[in-house]
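*Asks:* pasted the sequence and its predicted model underneath.
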Amino acid sequence: MYYKNEYFALRQKAIETLNRLRNNEKSNSVVYENKNITRQLSIEPYSESAFKEKTNYDAAYFNTFLKNLEESKEKDEIINEISELYSLVKEIYKELDIKPQVYSSSSFIGKTTKDSIEETARRIINNYLDRNYYSLTFEERDRRYKDKVVDLATRLVTEEKVEIDASVQLAQKKILIENCISKFIFPLHVKGRLDEVLHEEADEFFDNTKIKDLYEKFEQKLDRVSLLLATIV
């Protein structure tokens with residue numbers, strides 16, 4: 001009886017392992033639910049050409065933040081930080097082995113010139129900033145961002161030497177921009193897959209240590225980039 005039970009236990013473990021491997025196949029489909037809408041999304045593998053295309057569109061998003069900043073050491077610093085951020089983004093996409101995605105890609109259909117792409121990106125970013133910050137009253141901003149603002153504002157005063165009166169507004173803008181950048185770097189179904197991998201328990205068949213390390217470094221770099229951009233928007 002012992003050997004029979006052991007056999008069935010091993011057999012069940014093998015089945016579970018095979019199912020996991022099948023779920024991780026490049027062409028497998030993953031179901032995500034958003035507001036009771038179920039969408040079947042095919043996960044395509046990572047490719048250099050897709051990442052290059054993504055960075056071209058993402059650059060247009062970043063240019064919206066940088067457009068009013070004159071050439072200076074400050075601008076060079078921000079661009080360098082963004083470049084380092086995307087080195088981590090690339091490694092995360094490669095580790096996930098998922099095709100890099102362009103945020104709101106349908107909005108760029110028919111936009112073939114640099115000007116039209118940047119105008120579309122500018123409209124998307126400005127709509128996001130207006131909807132989530134500039135069109136809100138001070139009370140609405142306080143309610144929306146209060147959970148994170150206190151600790152961040154304190155950090156800005158003590159570590160970044162920001163004036164107390166300006167720290168709350170800067171903290172709100174930093175949170176706003178950080179959320180915005182996260183959305184276009186990792187669009188919905190990519191973020192869903194990333195969260196799934198980050199929270200999955202490692203075992204003898206799966207080790208997510210590397211991607212956890214990459215994502216931690218990404219968050220640290222994003223923290224820096226969003227703070228720099230918050231000072232100029």
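*Replies:* Done, it's in.
*Asks:* which stretches in this protein count as strands?
*Replies:* 29-34, 37-42 (DSSP state E).
*Asks:* comparing these, which yields the minimum mean pLDDT?
*Replies:* When those are compared on mean pLDDT, strand 29-34 scores lowest, with a mean of 40.
*Asks:* give the contact list for the residue nearest to the spatial centre of the chain.
*Replies:* Among the residues of the chain, S182 comes closest to the average C-alpha position under C-alpha atoms, centre = their mean, at 3.1 Å. Contacts for S182 (C-beta atoms under 8 Å, 6 or more residues apart in numbering) come out as K191, L222. Quick note: C-beta positions are derived from backbone N, CA and C, even for glycine.
*Asks:* ok, R141 next?
*Replies:* Y133, Q172.
*Asks:* where's it relative to V157, distance?
*Replies:* Distance, R141 to V157, by C-beta to C-beta, to the nearest Å: 19 Å.
*Asks:* got it, and S105?
*Replies:* Distance from S105 to V157, by C-beta to C-beta: 40 Å.
*Asks:* of the two, which one has the most company?
*Replies:* Taking other C-beta atoms under 10 Å, S105 and V157 do not tie; V157 has more neighbours (17 against 12).
*Asks:* so for that one, what's the pLDDT?
*Replies:* pLDDT at V157 comes out at 95.
*Asks:* ok, the closest residue to it other than its chain neighbours - how many residues close by?
*Replies:* Excluding the flanking residues, the one nearest V157 by C-beta to C-beta, 6 or more residues apart in numbering is S167, at 5.1 Å. Neighbourhood size, S167 [other C-beta under 10 Å]: 20.
*Asks:* thinking S167 is in contact with A153, fair?
*Replies:* Yes - using C-beta atoms under 8 Å, S167 is in contact with A153, at 4.0 Å.
*Asks:* now for E139, how many residues are close by?
*Replies:* By the measure other C-beta under 10 Å, the count of residues near E139 is 8.
*Asks:* try K67
*Replies:* Count around K67 with other C-beta under 10 Å applied: 10.
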